[in-house]
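Colleague: Any chance you could fold what I've pasted below:
(one chain, ligands or ions: 1)
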Amino acid sequence: MDFETLRENLVSIVMSKGINDQRVLEALRKVERHKFIPRAYWDEAYKDYPVPIGEGQTISQPYTVAFMTELLDVNPGVKVLEVGTGSGYQAAMLSEMGAEVYTIERIYSLYEKTKKLLQDLGYGNIKVFYGDGTQGLSEYAPYDRIIVTASGSLQQTLIDQLAVGGILVAPVDDGSWGSTMVRLTKVTDKDYITERYGGFSFVPLVKGTR
Ligand code: SAH
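Modeller: Down below sits the predicted model:
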C-alpha cells in the first residue's frame, strides 16, 4: 500500500470538511497513522473513521483529531498536556507540530505499549505517564494547552493547571446525543471564554486507573 498517497487523500477529505490550519494538515501528512493501529485494520488506517486499539478504546476519527488540534492552536514550543494517550497518535501529531508533549493514560497495558511504540517511532521526546488524567499532572503544570481525548465533565483541576492565556479543548457530555467539543480560553485566573461545537462521539473519561 502506498501510505503516503493515502495520507494525502486523507488530508483532502479533512480539508473538504473544513480544516484549513496548515500546521495541522502538515502534521496529518507526516504521522503514519497505520503504525498506531493493529495491523488487521491497516486497510482502514487512512479512512476517516475511528479504529479499535484494544481495551475497548479507539483511536479517534482523523477529522476529530484535526478539528481538536486546530482548536488547540499549537505553535512550536508550547507545552501541552494530553489526557488519554490511547494509541499515541494525537500525541505524535502534537509532537510533529513542535509542542512539548506530556500525555497521561489510565489503562496500564495501553500506557506500557504506547510508551514503547512512541520510542520506537522516534517520538521519544514525548513524556508518557500512567495515572488518572482527571487529576491532571501537577508536577509539570502549568500547561499552555490541555487536550482531553475522552468525554466526560469539564474538570476544574485541569483548568487550574492551565496557564493564563492557555487553551483547553475537551469533549463534554451535556445530555445531548454524543459529545460537545468545548474550547476554554483562560483569560485571567478567574475569567474564561468558552466556545462549543456539537456532534462528536468519544469513549468515556473514567476516574481512577486500572
Ligand atoms: N488520544 C488517543 C485517543 C484514545 S481514546 C489517540 O490518539 O489514540 C481515549 C483514551 O483516554 C483511552 O485510551 C482511555 O483509556 C483514556 N482515558 C479515559 N479516561 C482517562 C483518565 N481519567 N485518565 C487518563 N486517560 C483516560
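
Colleague: which bits of the protein sit near the ligand?
Modeller: Residues of the chain found near the ligand (C-beta under 6 Å from any ligand atom) are 57-60, 83-84, 86-87, 89-90, 104-107, 110, 132-134, 149-150, 203, 205-207. C-beta here means a position set from N, CA and C on the backbone, and glycine is covered the same way.

Colleague: Let's test this: mean pLDDT of the longest strand along the chain, rounded?
Modeller: Secondary structure of the chain read by DSSP state E shows that its longest strand is strand 162-172. Taken as a whole, strand 162-172 carries a mean pLDDT of 98.

Colleague: same deal with stretch 133-140?
Modeller: Mean predicted confidence for stretch 133-140 is 98.

Colleague: picking up where we left off before, ok, then the element right after the longest strand of the chain?
Modeller: strand 179-186 (DSSP states H and E).

Colleague: Next, name the residue at the spatial heart of the chain.
Modeller: Against the mean C-alpha coordinate of the chain, by C-alpha atoms, centre = their mean, the closest residue is residue 90 at 4.1 Å.

Colleague: element containing that one?
Modeller: helix 89-96.

Colleague: which secondary structure elements does that helix contact?
Modeller: helix 22-30, helix 62-72, strand 79-83, strand 100-105 (3 or more C-beta pairs under 8 Å, 6 or more residues apart in numbering; DSSP states H and E).

Colleague: Confirm for me that residue 134 is in contact with residue 209.
Modeller: No: contact between residue 134 and residue 209 fails when scored by C-beta atoms under 8 Å: they sit 10.5 Å apart.

Colleague: Between those two, point out the one with more neighbours.
Modeller: With neighbours defined as other C-beta atoms under 10 Å, residue 134 and residue 209 compare such that residue 134 has more, 19 against 14.
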